[in-house]
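A.B. asks: no sequence for this one, just the structure:
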């Protein structure tokens, strides 16, 4: 998500902050960290 698209005020902003805080509480570890793991595929080839 681009920062330019994140609301800075209003009802949508409040919902976003509430939802992010809930996600943090749900997924943080005992030290307060949230780890996001992902995998990436890389495809190599020649461009003619």
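C.D. replies: Perfect, thanks for sending it. Here the structure is a predicted model, which means the values were calculated and not measured. Numbering: from 1, shown residues only.
A.B. asks: hang on, isn't residue 27 packed against residue 34?
C.D. replies: Yes: taking contacts as CB atoms under 8 Å, residue 27 lies within contact range of residue 34: 5.0 Å. For glycine as for every other residue, the C-beta is placed from the backbone atoms N, C-alpha and C.
A.B. asks: who touches residue 18 in this structure?
C.D. replies: Neighbour list for residue 18: empty [criterion: CB atoms under 8 Å, 6 or more residues apart in numbering].
A.B. asks: in which helix or strand would I find it?
C.D. replies: helix 10-27 (DSSP states H and E).
A.B. asks: pLDDT on that helix, on average?
C.D. replies: For helix 10-27, mean pLDDT rounds to 96.
A.B. asks: quick thing: my sequence starts at 874, can you match it?
C.D. replies: With 874 as the first residue, the last one maps to helix 883-900.
A.B. asks: what's the distance between residue 877 and residue 912?
C.D. replies: Distance, residue 877 to residue 912, by CB to CB, to the nearest Å: 28 Å.
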